[in-house]
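Asks: the following comprises the amino acid sequence and a computationally predicted model.
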Amino acid sequence: MTAPLYVAGSTALRARMSRLTPHGAGEEERDELRRLLELFVGEARTVAQVLTGRHDLRDALALLRGAASGLPPEDRLRGLLAVGALTPERAAELAHARDEAGVAALLERLRLPTPATAAALPRLWSRFELHRDVEELELALAATAHAEWAERAAHPRSRPVAELLARERDQRNLVIALARSDVDPARLLPFGRLGARDLEHAVAGRWAPVLGVHPRWRAAAAAYEVHRDLGHLDRDLHDEATAGAAARLRRGDAESADPLVGYLLLLEERARRHRRAVLVLAGGADRRTP
């Protein structure tokens, strides 16, 4: 396995951090994410593509849902980031597809959101047409992407990326399990560090196993036991994930992906904070905003 070389990119990211304006206006973060890959080459760039690929996956699923709901193109594009391989131009093309089948065909042709998911789409789409189970389709696409990303982030220097992906799967699975009040592996992403038994304990209100794996979730879990608001819990867990991002960027091992993950989380935290501020100004914010 070829060792990814992160040092030059890590150094460049630390320099770029000082040029970010104190309060980004949303588009600044998108521009920075779009330029992220320019700073890495070879295997390191392949790993950096995993991080922007997370947004490609979310955007692709949102476009499929928008087409299935018959939304007009402008509404399908609302909320997309389009910061990776799914560029603004490709997003616009996908948003103008006639229906969800047209979106799926375009995703396959454009090899989006990842090459592996695009290759799997014909098989997954055939099953979807039999059962019309949107959740099953989305989970299958996400699981395929995560398997592909795990291979790309397998080198020890890329462990911070693999850990981020596992943590995000844990968060998604926890929220879904709590929402359903049961643990059905068929409706969850591939397990990260939390297994089915850990999730079952959380559903029953016994958080010790989950907190043994993710001790920094303690405050969010305690707050959830009071407010019982899953949107609020999800938001709190997102905030916990980005806490300390700047420190990771500044002090993380430059030979590993740690500064890269820190920079990405810093940008995502700023973008999320901006979205919340916009909602507050519009009078439409609530505590569930992610």
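Replies: That came in fine, so what should we check first? Numbers count the residues shown, from 1 in each chain.

Asks: now do the SS call for residue 193.
Replies: coil (DSSP: H, G, I helix; E, B strand; the rest coil).

Asks: let me see the backbone angles for the closest residue in space to it that isn't next to it in sequence.
Replies: In this structure, residue 193 finds its nearest non-sequential neighbour in residue 213, 4.9 Å apart by CB to CB, 6 or more residues apart in numbering. Placement of C-beta: from N, CA and C, glycine included. Here is the backbone geometry of residue 213 (degrees, to the nearest 10): phi -90, psi -40.

Asks: wait, what's in contact with residue 213?
Replies: 170, 193, 194, 198 (CB atoms under 8 Å, 6 or more residues apart in numbering).

Asks: now, of the residues you listed, which are buried?
Replies: 170, 194, 198 (16 or more other CB atoms under 10 Å).

Asks: so for the chain, the centremost residue is which one?
Replies: residue 54 (4.3 Å; CA atoms, centre = their mean).

Asks: state the pLDDT value of the residue lying closest to residue 44 once chain neighbours are set aside.
Replies: For residue 44, ignoring the flanking residues on the chain, the nearest one in space by CB to CB, 6+ apart is residue 4 at 4.0 Å. Residue 4 carries a pLDDT value of 97.

Asks: pretty sure residue 4 sits against residue 159.
Replies: No - the pair residue 4 / residue 159 is not scored as a contact, 11.1 Å apart, by CB atoms under 8 Å.

Asks: what touches both of the two?
Replies: residue 257.

Asks: which of those two has more neighbours?
Replies: Per other CB atoms under 10 Å, whichever of residue 4 and residue 159 has more neighbours is residue 4, with 26 against 15.

Asks: OK, contacts around the more buried one?
Replies: 42, 43, 44, 46, 47, 155, 157, 158, 257.

Asks: SS state for the residue nearest to the second one when sequence neighbours are not counted?
Replies: Read it as residue 43. Of all residues not flanking residue 43 in the chain, residue 4 sits nearest, at 3.8 Å (CB to CB, 6+ apart). Classification of residue 4 by three-state DSSP places it in coil.

Asks: how close does residue 4 sit to residue 131?
Replies: 40 Å (CB to CB, to the nearest Å).

Asks: can you check residue 72 too?
Replies: 27 Å.

Asks: quick one: the strands in the stretch 1-150 of the chain?
Replies: For the stretch 1-150 of the chain, strands defined by DSSP state E, counting those that start in this stretch do not occur.

Asks: quick one, helices of it?
Replies: 7-17, 27-35, 42-68, 73-77, 88-95, 100-110, 115-131, 134-152 (DSSP state H, counting those that start in this stretch).

Asks: between those, which has the poorest average model confidence?
Replies: Among these, helix 27-35 scores lowest, with a mean of 92.

Asks: which elements pack onto it?
Replies: If contacts are counted by 3 or more CB pairs under 8 Å, 6 or more residues apart in numbering; DSSP states H and E, helix 27-35 sits against helix 258-282.

Asks: picking up where we left off before, redo the helices of the stretch 1-150 of the chain as CSV? Include distance to residue 251.
Replies: Conversion of those to CSV gives the following (distance: least, CB to CB, whole Å):
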stretch, distance to residue 251
helix 7-17, 10
helix 27-35, 20
helix 42-68, 19
helix 73-77, 38
helix 88-95, 34
helix 100-110, 39
helix 115-131, 34
helix 134-152, 25
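
Asks: rewinding a little: from residue 48, how far off is the residue nearest to residue 43?
Replies: From residue 4 to residue 48 the distance is 9 Å (CB to CB).

Asks: with respect to residue 60, which of the contacts of residue 4 is nearest?
Replies: Checking the contacts of residue 4 against residue 60 by CB to CB gives residue 46 as the nearest, at 19.3 Å.
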